[in-house]
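Asks: take a look and give me a structure for this.
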Amino acid sequence: MLRSLLRKVTTLLTVYYAYMVEYRAELFFWVLSGSLPMILLGAWTEAANQVEMSLSSVEFARYFLAVFVVRQLTLVWVIWDFEKEVTQGKLSFTLLQPIDPAWRHLAGHAAERIARLPFTFLLIGLFFLLYPESLWRPSLNQILLCTLTTAIAFGMRFLMQYTFAMAAFWIEKASAIEQTWFLFYVFLSGYIAPLETFPPLMREIALLTPFPYVIYFPAAIIMGLPVRIWEGIIVMTLWSAIFFVLNRYFWRKGLKHYSGMGA
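Replies: Below you'll find the predicted structure:
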């Protein structure tokens, strides 16, 4: 049984990896499209040079590099793919196959992570050429914890967006939900500012939501910033469980409502 499962996983990853590397140039532009942290890096490091802040200019540079990398590894677009499948009737064909469509989407995302790694490493190398004083060596413990929390963050982000995608069974633009959710994601995830710059009360409130754990939490760990690691992992697990239950519920309800629109 385990051998059969491994064979299926390997096959899915191989197929989707081959599909992704067909569009190498497009992958490069996808990586560049997530380079906003590199732009914000300049603004925050300059601000730290002008006034006393919670982080130094070097720490801000390291933080936004970590944000860039974590963002590359946790990026999710399943809602747009699923919305297209439902509205165009393509979901009907995948339902005939003996595998849940979620695994195909997950394999596509995982293969895309692997395919974009060379471009990500290239930009990291360029960053250290431009900011050599920001070079640091994380401990093995930090690397392992960052890898673990980034994997959980990706799974949580995937579950969240895939759950919103279930709205496509009832409305044509399920992606509008993600676009609204994205506003909170940008401001509370640490994407444009580390949580150290937040007022204490706002920071504590944000830490109860899933947003900071998608980006800020893994980035802070790899930097060595003080974070409540096990509390964070528990919160991530709880939010993942909530969205998993909601996802399965709306999936069953949605299939009963689905009529193969566009087929």
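Asks: leaving aside the residues next to it on the chain, what's closest to the residue most central in space within the chain?
Replies: Most central in the chain under CA atoms, centre = their mean is residue 74, positioned 2.1 Å from the mean C-alpha point. Once its chain neighbours are removed from consideration, residue 74 has its nearest residue in residue 154; the separation is 4.6 Å (CB to CB, 6 or more residues apart in numbering). The way it works is simple: take the backbone N, C-alpha and C, and place the C-beta from them, glycine included.
Asks: so what's that neighbour up against?
Replies: Remark: with contacts taken as CB atoms under 8 Å, 6 or more residues apart in numbering, residue 154 is in contact with 73, 74, 76, 109.
Asks: rewinding a little: the residue nearest to the centre of the chain and residue 137: what is the separation?
Replies: Computed with CB to CB, to the nearest Å, the distance linking residue 74 and residue 137 is 23 Å.
Asks: hang on, the earlier thing: now the contacts of residue 154 in TSV, with secondary structure and pLDDT?
Replies: Putting those into TSV (DSSP: H, G, I helix; E, B strand; the rest coil; pLDDT from 0 to 100) gives the following:
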residue	secondary structure	pLDDT
73	helix	90
74	helix	92
76	coil	91
109	helix	86
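Asks: so which of those residues wins on neighbours?
Replies: For the contacts of residue 154, counting by other CB atoms under 10 Å, the largest number of neighbours falls to residue 74: 23 neighbours.
Asks: any chance you could map the helices in this structure?
Replies: If DSSP state H is used as the criterion, the helices of the chain fall at 2-21, 24-33, 36-50, 57-74, 78-87, 91-95, 101-130, 140-165, 175-188, 200-206, 216-223, 229-257.
Asks: and the fifth one, what does it pack onto?
Replies: I take that to be helix 78-87. Applying 3 or more CB pairs under 8 Å, 6 or more residues apart in numbering; DSSP states H and E, one finds that helix 78-87 makes contact with helix 91-95, helix 101-130, helix 140-165, helix 175-188.
Asks: tell me which of those sits nearest to residue 227.
Replies: Among the helices and strands packed on helix 78-87, helix 140-165 comes nearest to residue 227, with 9.4 Å by CB to CB.
Asks: in the closest one, what counts as buried?
Replies: Across helix 140-165, burial judged by 16 or more other CB atoms under 10 Å covers 145-146, 149-150, 152-165.
Asks: which pLDDT value goes with residue 203?
Replies: The per-residue pLDDT reported for residue 203 equals 90.
Asks: which residue, neighbours along the chain excluded, lies closest to it?
Replies: Closest residue to residue 203 in three dimensions, ignoring its sequence neighbours and counting by CB to CB, 6+ apart: residue 195, at 5.0 Å.
Asks: pretty sure that neighbour sits against residue 217.
Replies: No - Residue 195 sits out of contact with residue 217 when judged by CB atoms under 8 Å, with a separation of 9.2 Å.
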